[in-house]
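Participant: give the three-dimensional model of this entry:
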Amino acid sequence: MNKRRLWSFSFTTATLVLIPAAIGINYIGKLFAGVLKLPLWLDSIGTALASMLSGPVVGAISGAINNIIYGLTMDPISFVYALTSIAIGITVGIIAYNGRINTLWKSIIAGVVVAIVAAIVSTPLNVIFWGGQTGNVWGDALYAYLIAHAVPVWIASFLDEIVVDFPDKIATMIIAFLIFKGLPRKLILLYQSGETIEKLD
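Facilitator: Have a look, this model is predicted:
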């Protein structure tokens, strides 16, 4: 895959099918985590998979549309976190392009990188719209403790976010990697050139 292909906005039929599939995976993951009240979000699995298959542009679009749909149907605040989903899609797509998600261990490392990126993007949004909190029980408990001990809001908010993003994004990348490895090679070839397949396999 050359650089033009990496950042291409020219979508094939296969790509147009992948985007709604990725959105569906994201949506189901978020609903699953919400219903079970898990200390995770699990709303980026489809975004990560789309990025691994078709690059950062498709992953970013899948993630952003998912936030828009979820914002329209479940929680309006989800709209603003489309920015985080775009950042996740771009990050995973670049990591995958460079062949850094070809083993389970590397998918875990990728999850750590994605978690840091997501926390950096989400923290200002949390401060603006939630007073620094994330809406996650575990993270907000840490936030309350830090604020009670005079830790600055921005630092407390970042730590609130990262304490949830680490396990969430690591789980997300592991699941996306396992799905990717389970896909038929012919299906993967619909999305990627031989060079990219060699990097990701």
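Participant: wait, residue 88 sits on residue 113?
Facilitator: No. Counting by CB atoms under 8 Å, residue 88 does not reach residue 113; the two are 10.4 Å apart. C-beta here means a position set from N, CA and C on the backbone, and glycine is covered the same way.
Participant: neighbour count: those two, which is higher?
Facilitator: Per other CB atoms under 10 Å, whichever of residue 88 and residue 113 has more neighbours is residue 88, with 29 against 16.
Participant: just the buried residues of whatever helix or strand that one lives in, please?
Facilitator: For residue 88, the element it lies in under DSSP states H and E is helix 82-97. Residues of helix 82-97 classed as buried: 82-97 (neighbour count, 16 or more other CB atoms under 10 Å).
Participant: over to stretch 120-134?
Facilitator: Buried, per 16+ other CB under 10 Å, within stretch 120-134: 121-123, 125-127, 130, 132-134.
Participant: what of stretch 160-167?
Facilitator: For stretch 160-167, using 16+ other CB under 10 Å, the buried residues are 160-166.
Participant: and if you look at stretch 99-107?
Facilitator: Going by 16+ other CB under 10 Å, stretch 99-107 has these buried residues: 100-102, 107.
Participant: make a markdown table out of the residues you listed and add pLDDT, secondary structure and distance to residue 12.
Facilitator: Formatted as a markdown table, these follow (pLDDT from 0 to 100; DSSP: H, G, I helix; E, B strand; the rest coil; distance: CB to CB, whole Å):
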| residue | pLDDT | secondary structure | distance to residue 12 |
| --- | --- | --- | --- |
| 100 | 93 | coil | 25 |
| 101 | 96 | coil | 22 |
| 102 | 93 | coil | 24 |
| 107 | 98 | helix | 26 |
